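K.L.:
Make a model of this:
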Amino acid sequence: MVCTACRKKITEGQYRVRETPEAYLSQHRKCSETDPNWGELNAQAEKKKQHFANYLAACIEFKNEWGCDELDELIHELQAAHGIKGDA
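P.N.:
So this is what the prediction gives:
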């Protein structure tokens, strides 16, 4: 896949593919930073991040309140997936 803005191969990092009536256009994020859809994608990512942070906090609170060690694995998976260090 080639960036339609800079003509370089897209091999890493964020990129978008958008559809026009004529074609599908793929662009590196750095080449399309003014695209308003990045704001929407950023908002979706932040919402998802906040959801998992709230879920993790609720799991830890439940575990601590009820002494439920069965949540340890889930808590560690959530911490690892989101780069959060700490003990449950």
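K.L.:
going forward, measure contacts and count neighbours with C-alpha atoms only.
P.N.:
Noted.
K.L.:
Kindly report the domain assignment for the protein.
P.N.:
1-35, 37-81 (automatic domain parsing).
K.L.:
Format those domains as a markdown table; extra columns: mean pLDDT.
P.N.:
A markdown table is the format used below for those (pLDDT from 0 to 100):
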| stretch | mean pLDDT |
| --- | --- |
| domain 1-35 | 93 |
| domain 37-81 | 92 |
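K.L.:
Format these as a markdown table; extra columns: mean neighbour count.
P.N.:
Converted to a markdown table, the domains of the chain look like this (neighbours: other CA atoms under 10 Å):
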| stretch | mean neighbour count |
| --- | --- |
| domain 1-35 | 13 |
| domain 37-81 | 14 |
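K.L.:
ok, now which ones touch Arg18?
P.N.:
Going by CA atoms under 8 Å, 6 or more residues apart in numbering, Arg18 touches Tyr24, Leu25, Ser26.
K.L.:
who's in contact with Cys3?
P.N.:
Here Cys3 is in contact with Lys9, Ile10, Leu25, Ser26, Gln27, His28 (CA under 8 Å, 6+ apart).
K.L.:
Nearest residue to the fifth one in space, please, no chain neighbours.
P.N.:
Distances taken as CA to CA, 6 or more residues apart in numbering put Cys3 closest to Gln27, at 4.4 Å, once the chain neighbours are dropped.
K.L.:
sorry, back to before: so which of the contacts of Cys3 are in strands?
P.N.:
Residues from the contacts of Cys3 lying in strands, with DSSP state E as the criterion: Leu25, Ser26, Gln27, His28.
K.L.:
Once you drop chain neighbours, what's closest to the second one?
P.N.:
Counting by CA to CA, 6+ apart, Ser26 lies nearest to Val17, which is 4.2 Å off, once chain neighbours are set aside.
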